[in-house]
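[1] below are the sequence and a predicted model; questions follow.
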Amino acid sequence: MKLYKYTGGRCNASGQAIRKHREALGLSQEQLAAKLQLAGLNINQKAISRVETGERVVPDFELIFFSEALDVPICTLLESE
């Protein structure tokens with residue numbers, strides 16, 4: 001399966017927004033991972049880091065978890081800077 005890169009060689013369009021909203025809430029990557037795990041998403045701190053740096057693809061079903069954990073609409077996570 002070939003993965004296409006988003007702008008600037010990133011593998012996702014949501015990582016920067018996820019980082020921005022996580023930091024606005026005062027959460028560490030580890031705390032966000034724990035919050036997502038409690039909601040049922042199997043993800044760890046390293047995966048959160050890779051999402052935020054654009055090294056990891058974010059499937060659509062995971063956007064639902066991120067949206068709920070960060071208390072923002074999904075469309076907010078997909079807005080371009």
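    Sure thing, it's come through.
[2] correct me, but residue 64 touches residue 72?
    No - at 11.7 Å, residue 64 does not count as touching residue 72 under the criterion of C-beta atoms under 8 Å. No exception for glycine: its C-beta is placed from N, CA and C like everyone else's.
[3] out of these two, which sits in the more crowded spot?
    Between residue 64 and residue 72, counted using other C-beta atoms under 10 Å, the more crowded position is residue 72 (17 against 13).
[4] find me the pLDDT at the more buried one, would you?
    We note a pLDDT of 98 for residue 72 in this prediction.
[5] over to residue 1?
    Reported pLDDT for residue 1: 55.
[6] what of residue 30?
    Residue 30 is given a pLDDT of 98.
[7] need phi/psi at it.
    As for residue 30, its main-chain torsions (degrees, to the nearest 10) stand at phi -60, psi -40.
[8] and the closest residue to it other than its chain neighbours, how far is that from residue 37?
    Leaving aside its chain neighbours, residue 30 sits nearest to residue 45 (4.6 Å; criterion: C-beta to C-beta, 6 or more residues apart in numbering). According to C-beta to C-beta, to the nearest Å, residue 45 stands 10 Å off from residue 37.
[9] what do you get for residue 77?
    Taken as C-beta to C-beta, the span from residue 77 to residue 37 is 19 Å.
[10] re earlier: looks like the residue nearest to residue 30 contacts residue 29 (just checking).
    Yes - counting by C-beta under 8 Å, residue 45 touches residue 29, with 4.7 Å between them.
[11] between those two, point out the one with more neighbours.
    residue 29 (19 against 14).
[12] quick check: that one vs residue 8, distance?
    21 Å.
[13] just residue 39 next, same as before
    29 Å.
[14] the more surrounded of those two?
    residue 39 (13 against 7).
[15] OK, contacts around the more buried one?
    Residue 39 is in contact with 65, 68-69, counting by C-beta atoms under 8 Å, 6 or more residues apart in numbering.
[16] swap in residue 76?
    Residues in contact with residue 76, defined by C-beta under 8 Å, 6+ apart, are 17, 21, 67.
[17] closest to residue 50 among these?
    Checking these against residue 50 with C-beta to C-beta, the nearest one is residue 17 at 15.3 Å.
[18] I'm done for today, thanks for sticking with me.
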